[in-house]
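[1] My questions are about this predicted structure, shown below with the sequence.
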Amino acid sequence: MKKIVYIASALVLILTGCTEEYDLNDRGLSVEELPAYVAFDSPGTNVNPGPVDVTEDEGTLELNVEVPTGTLSTVTVNYSFSGTAVFGTDFIVDGATSAGGTLDIALPDSPAVDGRPINDDIVVELLPDDTADGDKTLIVTLDSASNAEGALEVGRGGTDFLKSITVNILDID
């Protein structure tokens, strides 16, 4: 009989102890929902990847842009070019101009098998020029993004992290 009383007492303590709500604010913690955003992909937690070094004869370079917070519709990303590389002479991007271009990141037909977020590439075609004109720098910057729901932030979590990427185009002539 003594064992039944102990077991019953233990159950009462367990059940009454579980009714307390866990409040993050009481423990000095807070949770902030990240805004929907687009950013250049970077492995792991790296927020400032170093420059990408390529030679002018490497063909194409894929700069991956991702939507890690998800989306319910196609995301349109506007990007711009800067640096010393000349559009049409050192590189081209299909559908872009010397100022920049637009990338539409469509929803996939099925979930990603690799677990990666929704993403697509800005494909930069490097142009060899047979001229010894030195190394060039291409900076691609994500300027704005939107989908059917409205504007999205640019850069990881709406910050400047992963908002631009530098490509060093090494002269081989």
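    Sure thing, it's come through.
[2] Tell me where the protein is predicted with low confidence.
    1-34, 43-47, 112-114, 173 (pLDDT under 70).
[3] which residue is nearest the middle of it?
    residue 39 (3.0 Å; CA atoms, centre = their mean).
[4] separation between it and residue 150?
    18 Å (CB to CB, to the nearest Å). In short, each C-beta sits where N, CA and C put it, glycine included.
[5] What residues of stretch 54-65 count as buried?
    For stretch 54-65, the neighbour count (16 or more other CB atoms under 10 Å) marks 54, 56, 61, 63, 65 as buried.
[6] these two touch, right, the last one and residue 39?
    Yes - shown here, residue 65 and residue 39 form a contact pair, counting by CB atoms under 8 Å, at 7.2 Å.
[7] shared neighbours of these two, which are they?
    residue 142 (CB atoms under 8 Å, 6 or more residues apart in numbering).
[8] How far does the helix or strand containing residue 79 sit from its chain's centre?
    Secondary structure from DSSP states H and E places residue 79 in strand 75-83. Here the centre of strand 75-83 is set off from its chain's centre by 13 Å, with CA atoms, centre = their mean, to the nearest Å.
[9] go on, stretch 98-106?
    15 Å.
[10] buried set for that stretch?
    By neighbour count with 16+ other CB under 10 Å, stretch 98-106 contains the buried residues 100, 101, 103, 105.
[11] For it, which outside residues touch it?
    Taking CB under 8 Å, 6+ apart as the rule, stretch 98-106 contacts 38, 65, 67, 71, 74-81, 86-88, 93, 95-96, 118-120, 122, 143.
[12] hmm, try it at 10 Å
    With contacts defined as CB atoms under 10 Å, 6 or more residues apart in numbering, stretch 98-106 is touched by 38, 63, 65-67, 71, 73-82, 86-89, 92-96, 117-123, 140-145, 147.
[13] Pull out the buried members of these.
    38, 63, 65-67, 71, 75-77, 79-81, 87, 92-93, 96, 118-120, 122, 140-142, 145, 147.
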